[in-house]
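*Asks:* The sequence and its predicted three-dimensional model are supplied below.
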Amino acid sequence: MSTLVHASAAPRAGVAWAVRHAAFVRITHWIHAAAFAGLVVSGGAILIAHPWLYWGETGAVEAPSLVDLPIPFLLGHSGWGRYLHFQSAWICVLTGLVYVAAGIATRHFERELAPRRAAAVVPVIDDEREYNPTQRIAYLGVVFVLLPLAIATGLAMSPAIASVYPMLVTTFGGQQSARTLHFGVAVALVLFTIVHITMVARAGFVRRTRAMITGRLD
């Protein structure tokens with residue numbers, strides 16, 4: 001994954017390059033990025049239709065809320081938002097399953113993301129050919145904690161799923177509790193994305209984006 005190649009094999013004469021990202025990492029990254037953008041846009045539309053959060057099984061305009069989000073309350077239909085959210089969510093789920101399966105098969109998680117004891121100092125910007133300890137922990141947390149929690153809480157809000165697997169709903173304390181937790185996880189994922197893009201920009205946005213497209217880091 002991070003082996004330097006001789007300069008003569010590089011796309012440009014006299015420039016050595018390193019294999020930075022495997023093909024399955026690049027493909028799933030961009031598919032997930034597009035689907036996540038759809039989730040953010042559609043989630044915003046759904047939230048604006050009812051920006052109050054509750055705890056328990058039920059919640060309504062007349063009922064006391066747990067959190068009143070400071071955004072416009074545009075009560076009405078959000079059918080397109082729900083449809084886009086549903087489609088984007090399943091794309092994320094399927095892409096995530098492919099990424100995890102390929103990551104396990106190729107030992108990607110063990111080689112690229114497993115924390116290393118020897119790394120005691122965390123640099124501000126990551127190394128040219130590997131992730132620093134903070135990045136490793138953050139990526140593992142997103143892949144194996146935040147995203148599964150987002151999926152589980154999203155499924156718990158579905159009446160169809162709740163009727164078949166009622167324990168999933170009761171685990172989160174009710175459908176409205178699942179919605180509140182889902183919102184919290186979504187905020188964490190958005191914050192992670194903002195930090196991620198910021199760090200990419202600081203390390204060289206064009207160069208790092210090109211590496212995620214071609215797999216090569218000059």
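*Replies:* That came in fine, so what should we check first?
*Asks:* can you pull up the bridge partners for the nearest residue to residue 180 once chain neighbours are set aside?
*Replies:* Leaving aside its sequence neighbours, residue 180 sits nearest to residue 53 (C-beta to C-beta, 6 or more residues apart in numbering; 4.4 Å). C-beta coordinates here come from the backbone N, C-alpha and C atoms, glycine included. Beta-bridge partners for residue 53, by DSSP bridges, are residue 67.
*Asks:* For residue 53, give me its contacts.
*Replies:* 59, 65, 66, 67, 68, 69, 176, 179, 180, 183 (C-beta atoms under 8 Å, 6 or more residues apart in numbering).
*Asks:* Next, work out how far apart it and residue 151 are.
*Replies:* 19 Å (C-beta to C-beta, to the nearest Å).
*Asks:* quick one on the thing from earlier: look up how far residue 68 lies from the residue nearest to residue 180.
*Replies:* For residue 53 relative to residue 68 (C-beta to C-beta), the value is 8 Å.
*Asks:* Could you do residue 198 as well?
*Replies:* For residue 198, the distance to residue 68 - C-beta to C-beta - is 30 Å.
*Asks:* go on, residue 215?
*Replies:* Distance of residue 215 to residue 68, given as C-beta to C-beta: 46 Å.
*Asks:* neighbour-wise, which of the two wins?
*Replies:* residue 215 (17 against 10; other C-beta atoms under 10 Å).
*Asks:* Just give the closest residue to that one, not the sequence neighbours.
*Replies:* residue 21 (4.9 Å).
*Asks:* A helix includes that neighbour, no?
*Replies:* No: per DSSP: H, G, I helix; E, B strand; the rest coil, residue 21 lies outside any helix segment and is coil.
*Asks:* which residues sit in contact with it?
*Replies:* Listed by C-beta under 8 Å, 6+ apart, the contact partners of residue 21 are 1, 29, 211, 212, 215.
*Asks:* Next up, phi/psi of it, please.
*Replies:* The phi and psi torsions at residue 21 (degrees, to the nearest 10) take the values phi -130, psi 130.
*Asks:* that's a strand at residue 116, yeah?
*Replies:* No: counting by three-state DSSP, one finds residue 116 to be coil, located in no strand.
*Asks:* Let me know how buried the closest residue in space to it that isn't next to it in sequence is, in neighbour terms.
*Replies:* Spatial nearest neighbour of residue 116, chain neighbours left out: residue 133 (6.8 Å); criterion: C-beta to C-beta, 6+ apart. The tally of other residues near residue 133 (other C-beta under 10 Å) stands at 17.
*Asks:* ok so, going back, how much space between the residue nearest to residue 180 and residue 140?
*Replies:* Distance of residue 53 to residue 140, computed by C-beta to C-beta: 28 Å.
*Asks:* Residue 156 now?
*Replies:* 24 Å.
*Asks:* any chance you could map the helices in the chain?
*Replies:* 23-49, 79-105, 108, 133-141, 147-156, 159-164, 166-171, 175-214 (DSSP state H).
*Asks:* Done for today, thanks.
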